[in-house]
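Participant: build me a structure from this.
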Amino acid sequence: MSVLRIDVDRGHRATSIPRLCWLLRRAGYRPRCLSQVRSPSGKGWHVEVEVSPQPRSLAELVALQVILGSDRAREACNLHRARMVEQGKVPAWWAKRWNVLYVA
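Facilitator: Modelled structure (predicted):
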């Protein structure tokens, strides 16, 4: 299983849980576990969704995060980082950290 990390910024609304589940099912995934917490800034939300089956690529994982309402600028950067990870162009320690929700 994989964890989708969704960053919802101020001025945007987090996708409702029923809608999020519907979108995942439409894309061929099942939500297994979900957490939603206020971002440390207090201005947005951090949502984590464990899904099954695992996305076939990191780019597919990024696409799912966008579909579920994650910040598009964040996901544009994530797409670039995902490509670099899949091409082996980053150190192993960075490959584990390409899709983070920042704390500060």
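
Participant: just the element for the residue nearest to V90 when sequence neighbours are not counted, please.
Facilitator: Nearest non-adjacent residue to V90, counting by C-beta to C-beta, 6 or more residues apart in numbering: M84, 5.0 Å away. Heads up, the C-betas are built off the backbone N, CA and C, glycines and all. Here M84 is covered by helix 72-86, with elements defined by DSSP states H and E.

Participant: give the buried residues for the helix or strand just after that helix.
Facilitator: Once the chain leaves helix 72-86, the next helix or strand it forms, by DSSP H and E, is helix 92-95. For helix 92-95, burial by neighbour count (16 or more other C-beta atoms under 10 Å) applies to A95.

Participant: contacts for helix 92-95 next, please.
Facilitator: V85 (C-beta atoms under 8 Å, 6 or more residues apart in numbering).

Participant: confirm R25 sits in a strand?
Facilitator: No. Per DSSP: H, G, I helix; E, B strand; the rest coil, R25 lies outside any strand segment and is helix.

Participant: that one: neighbouring residues, count only.
Facilitator: By the measure other C-beta atoms under 10 Å, the count of residues near R25 is 11.

Participant: circling back: tell me how far the residue nearest to V90 lies from E75.
Facilitator: Going from M84 to E75 by C-beta to C-beta, to the nearest Å gives 15 Å.

Participant: confidence score at the nearest residue to D7 once chain neighbours are set aside?
Facilitator: Leaving out its chain neighbours, the residue that sits closest to D7 by C-beta to C-beta, 6+ apart is D71, at 4.7 Å. With respect to pLDDT, D71 scores 94.

Participant: D71 contacts G11, doesn't it?
Facilitator: No. If you go by C-beta atoms under 8 Å, D71 and G11 don't touch, sitting 10.6 Å apart.

Participant: which one's more surrounded, the two?
Facilitator: D71 (17 against 7).

Participant: burial count for the residue nearest to R83 when sequence neighbours are not counted?
Facilitator: Leaving aside its sequence neighbours, R83 sits nearest to A59 (C-beta to C-beta, 6+ apart; 7.1 Å). Neighbour count for A59, taken as other C-beta under 10 Å: 14.
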